[in-house]
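S.K.: Okay, here's the prediction I keep looking at, along with the sequence it came from:
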Amino acid sequence: MIRHPAQRHQETVSRTTSLASSLILTMRQRLRLTDTASIAESIYEFHKENGRTYHAYRAGSYHYPNDALEVERLDAQYDILKILLDGRAYLSPFSQENPPQKVLDIATGSGSWAIDMGDEYPEARIVGTDLSPIQSDLVPPNVEFIVDDATDEWPNGRDWCDFDLIHTRVTMGCWSDMGTQVIKPAFDHLRPGGWMECQELMGLLECDDETVTNANAFKRWCDDIVDASYAADRPLPLAANLKQWFIEAGFVDVEEKVYKLPVNGWPRNRRLKKLGELWHANIEEGLQALSYGLLHRFKRRTKEEIEVDLINVRKDLADERMHGYQKFYVVCGRKPEYA
């Protein structure tokens, strides 16, 4: 069931003492500061721009908002992608008979994936990291969230090695080079035999007929966002490179699955039509969030100019004569036993 966006609004406001302690400890280790009270406060001093808020820790390195509206959208997006994967949160070969003991979710966002994993595997330790402390405080006792920048050199202590599963989902736009910044260090911090799984959106608008043209405002918007992501050194359309990055990092048994997400309800197939309607709602809700940071900062467009353009973008996005879709890649790989 897709959760209503307002359902988790209050969950994003408060934080538990244990979460604050984890944040303070991690920030002390990362920043080598002693004034933990000021550190804890500073990570909540979100930057405000064009009516949206953005992360405070490493401010400016991630160009999408972290406010309640975006958290609600991310929660809904998680549910949609779980439907796409037939109700599964992951495709790596774990089960109740073969459970992971230690799991890392990089750029966890709203934390939905980590929370679901904590519910599914109550004996496992689940760690989610992100630049923003925006996750719910209603979490299983085996789940913890830490403010961290995965582009930093990864720690080598006991807590940061021998993971059974390391996961990312829809993180393109976070990295200048995901292969070297995330996939290779993840390989190094997995236990021998452990798995990495990346679930990433390509971001381009594609079609298998000729119904998507450059006259389509949503197509032009996608191209503008991709162009701005390169200008920001956070390129979006690189999910097709994941398999090669896994192989280069040393993973074996690498498998790639590619799904097509319709951008509205154009398919005749009932399941795909429903997915398209849900994905359309997710895109529409995220147009402003995706536009304000990238197009304002790197295309020098004002908020007013962006909003005027989005009128036609929304109109063309909803046009079911346009048979567009976006590709969603799931790539899994195993660290060899001898590595």
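M.R.: Done, it's in.
S.K.: which stretches of the stretch 51-200 of the chain have low pLDDT?
M.R.: For the stretch 51-200 of the chain, no stretch has pLDDT under 70.
S.K.: can I assume residue 115 is in contact with residue 140?
M.R.: Yes: Residue 115 lies in contact with residue 140 (CB atoms under 8 Å); the separation is 6.7 Å. In short, each C-beta sits where N, CA and C put it, glycine included.
S.K.: Show me which of those two is the more surrounded one.
M.R.: residue 115 (24 against 17; other CB atoms under 10 Å).
S.K.: can you pull out the helices in this structure?
M.R.: In the chain, the helices defined using DSSP state H lie at 17-31, 36-42, 68-84, 112-120, 178, 184-189, 217-231, 242-249, 270-299, 303-317.
S.K.: rank these by pLDDT, which is bottom?
M.R.: Looking over these, mean pLDDT reaches its minimum on helix 17-31, with a mean of 39.
S.K.: Need the nearest residue in space to residue 235, chain neighbours excluded.
M.R.: residue 229 (5.3 Å; CB to CB, 6 or more residues apart in numbering).
S.K.: Kindly report the same for residue 276.
M.R.: Per CB to CB, 6+ apart, closest to residue 276 is residue 262, 3.1 Å.
S.K.: so who does that neighbour touch?
M.R.: 272-273, 275-276, 279-280, 323-325 (CB atoms under 8 Å, 6 or more residues apart in numbering).
S.K.: Next up, phi/psi of the residue found closest to residue 58 once you drop the neighbours it is linked to in the chain, please.
M.R.: Nearest residue to residue 58, sequence neighbours excluded (CB to CB, 6+ apart): residue 149, at 5.2 Å. Note on residue 149: backbone dihedrals following degrees, to the nearest 10 are phi -110, psi 110.
S.K.: Please work out how many residues are found near residue 149.
M.R.: Per other CB under 10 Å, the neighbour tally for residue 149 reads 17.
S.K.: From residue 119, how far off is it?
M.R.: The gap separating residue 149 from residue 119 is 27 Å, by CB to CB, to the nearest Å.
S.K.: Would you mind measuring from the residue nearest to residue 276 to residue 274?
M.R.: 10 Å.
S.K.: just residue 305 next, same as before
M.R.: From residue 305 across to residue 274, the span is 34 Å (CB to CB).
S.K.: ok, now residue 192?
M.R.: Distance of residue 192 to residue 274, given as CB to CB: 41 Å.
S.K.: So which of those two has more stuff around it?
M.R.: residue 274 (15 against 11).
S.K.: coming back round to it: show me the contacts for the residue nearest to residue 58.
M.R.: For residue 149, the contact set (CB under 8 Å, 6+ apart) comprises 30, 57-58, 61, 131.
S.K.: Pick out the most distant pair among these.
M.R.: 30 and 61 (14.0 Å; CB to CB).
S.K.: Leaving out sequence neighbours, find the closest residue to residue 272.
M.R.: Counting by CB to CB, 6+ apart, the residue nearest residue 272 is residue 262, at 5.8 Å.
S.K.: again but with residue 150, I slipped
M.R.: According to CB to CB, 6+ apart, the nearest residue to residue 150 is residue 106 (5.0 Å).
S.K.: thinking the one you found is in contact with residue 131, fair?
M.R.: No: counting by CB under 8 Å, residue 106 does not reach residue 131; the two are 11.0 Å apart.
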